[in-house]
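Visitor: Coordinates only, no sequence provided:
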Ligand code: HEM
């Protein structure tokens, strides 16, 4: 049954039941990342703002230079924040590698056949074709989100490695320095291109309101899960049923044990 045909009382029940989607470590890492991007992106653009390239308006170039007291300081600020960003992210991944990173990669990142089907259909639907075709059910993240996560992971590695090469350019061979700059640019550009959709979907798109708040509370309602991430919702149901089975077995076992002990205590 499609989620649009669910009777009202069942809707209410699903809306009030919450599932945990994000753990605190992921939430903190995500918002730390957002904060770092807010500092790195404008200062990075400001560094590149030469009148010759014409990438940003003159007032912006002047504003940043005035705020930081010159280009040298601006560059120093940019790479210091960049190094802090690298340190915290790498530290987080190493500390939480087995507990968070591997389970996340294994359960939430891999693309399956349904995802491939989704990727084939969704772009056409956005262009107004195949409107009647039902999209395959999705995991905790839909195929578009999964794909973007790969862009974020590889783009972030590209930015970090090239950033380190540019910061400590005296110790690297000239060829590496030349490669580092375009790698830095392309990596930033690929993340920012998707980020526009990511931020729009996360912070503005009404249907995804719950996803936005889940990045603070960690939770989404069963209603949202069922409507947008049906495969993940079914997995949660299976987990619940397995848990209920376990409780039932445990109760039966203790009742049996109790019954066996009864005659002994009666004597
Ligand atoms: C103000 C800016 C941002 C907003 C409003 C925002 C919003 C969100 C939301 C709502 C989710 C949860 C999606 C879901 O559960 O279905 C999410 C997850 C995610 N976001 Fe963002 N985001 C922002 C910036 C960024 C930036 C700058 C990056 C990386 C460059 C990023 C990368 C990710 C990734 C990889 C995930 C999935 C991993 C996780 O759940 O921790 N986001 N974001």
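Guide: Looks like it arrived, so ask away. Not measured: the values here are computed from a predicted model. Residues are numbered from 1 along each chain as shown.
Visitor: contacts and neighbour counts: CA atoms only from here.
Guide: Fine.
Visitor: hey, where'd the helices end up in the stretch 51-200 of the chain?
Guide: 58-68, 71-95, 102-104, 113-126, 143-167, 174-199 (DSSP state H, counting those that start in this stretch).
Visitor: Next to the ligand, which bits of the stretch 151-267 of the chain? Give me the list.
Guide: Within the stretch 151-267 of the chain, the positions lying close to the ligand (CA under 6 Å from any ligand atom) are 152, 199, 202-203, 211-212, 215.
Visitor: typo on my end, the stretch 1-150 of the chain
Guide: Contacts of the stretch 1-150 of the chain with the ligand, taken as CA under 6 Å from any ligand atom, map to 22, 26-27, 30, 33-34, 37, 141, 149.
Visitor: Now the two most distant members of those residues.
Guide: Using CA to CA, the two most remote members of these are 37 and 141, lying 22.4 Å apart.
Visitor: so what's the residue in the stretch 151-267 of the chain that the ligand sits nearest to scoring on pLDDT?
Guide: Closest to the ligand within the stretch 151-267 of the chain is residue 212: 3.5 Å, counting by CA to the nearest ligand atom. Listed pLDDT for residue 212 reads 95.
Visitor: Quick check: it is in a strand.
Guide: No: Residue 212 is assigned helix when assessed by DSSP: H, G, I helix; E, B strand; the rest coil, not a strand.
Visitor: Buried deepest among the helices of the stretch 51-200 of the chain, which one?
Guide: Compared across the helices of the stretch 51-200 of the chain, helix 143-167 shows the largest average neighbour count, a mean of 18 (mean count of other CA atoms under 10 Å).
Visitor: least trustworthy helix or strand in this protein by mean pLDDT?
Guide: Within the chain, no helix or strand scores below helix 58-68, which has a mean of 84 by mean pLDDT, DSSP states H and E.
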